[in-house]
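K.L.:
Okay, predicted coordinates and the sequence, questions at the end:
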Amino acid sequence: MRYSYEDFHLPTKTEFLNALDLSKERLYRKQRDLNCRPDWDVIIQTTDGIFYRISMNTNDTNKKTIIFILSPRALWGAITRRCHWNNLEIGCHIEMERYPNEYNPDLHLLLSYFHI
C-alpha cells in the first residue's frame with residue numbers, strides 16, 4: 001500500500017529546517033497556553049539524516065528522552081498539516097524509543113501542535 005505522504009514534494013533542507021523552527025515555536029506557544037511542560041527532550045530523526053531536538057522543559061536535571069524516527073515526507077506532511085502527527089503515531093509510521101520507557105500522554109498531546 002502506498003501512503004499519501006510518500007508522494008509529497010520535499011523542500012530544500014534550509015526550507016525544511018525553517019519550517020521545523022516555526023513548528024517548534026507554535027508548539028512552545030501551545031505549551032504556554034496549556035501551562036504544560038513535560039520533563040522530556042524530543043529528538044526527531046528522519047530516515048535521510050535530518051536530526052532535530054525540542055526541549056520541552058528548561059529544567060536540565062533528570063530529563064527523559066524520546067526519539068521519533070520517520071520518513072522525511074511523513075514529517076513534512078505533519079508540519080505542513082497535510083497529515084496529522086497522531087495518525088502517523090497510531091498508524092505505526094513513526095518509530096519511537098523512550099528513555100526511560102515511560103508513557104507521557106501530555107507529551108504526545110503537545111506534539112499534535114508541532115506544525116506551521
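P.N.:
Looks like it came in fine. On a predicted model such as this, the values are computed, not experimentally measured, just so you know.
K.L.:
Could you identify the longest helix within the protein?
P.N.:
The longest helix of the chain (DSSP state H) is helix 13-34.
K.L.:
how many neighbours does the spatially closest residue to residue 116 that is not a sequence neighbour have?
P.N.:
Of all residues not flanking residue 116 in the chain, residue 22 sits nearest, at 4.6 Å (CB to CB, 6 or more residues apart in numbering). Heads up, the C-betas are built off the backbone N, CA and C, glycines and all. Here the number of neighbours of residue 22 (other CB atoms under 10 Å) works out to 13.
K.L.:
how close does residue 22 get to residue 28?
P.N.:
11 Å (CB to CB, to the nearest Å).
K.L.:
what's near enough to touch residue 82?
P.N.:
4, 5, 8, 76 (CB atoms under 8 Å, 6 or more residues apart in numbering).
K.L.:
ok, now with 7 Å
P.N.:
residue 8 (CB atoms under 7 Å, 6 or more residues apart in numbering).
K.L.:
Let me see the confidence value for residue 113.
P.N.:
The model reports residue 113 with a pLDDT of 97.
K.L.:
okay, now the closest residue to it other than its chain neighbours: neighbour count?
P.N.:
Nearest residue to residue 113, sequence neighbours excluded (CB to CB, 6+ apart): residue 30, at 4.1 Å. Residues within reach of residue 30, counting by other CB under 10 Å, total 16.
K.L.:
Check the gap between residue 30 and residue 61 for me.
P.N.:
Taking CB to CB, one finds residue 30 at 24 Å from residue 61.
K.L.:
now swap in residue 78 and tell me
P.N.:
Distance, residue 78 to residue 61, by CB to CB: 30 Å.
K.L.:
In terms of neighbours, single out the busier of the two.
P.N.:
Counting neighbours by other CB under 10 Å for residue 78 and for residue 61 shows that residue 78 has the greater number, 26 against 5.
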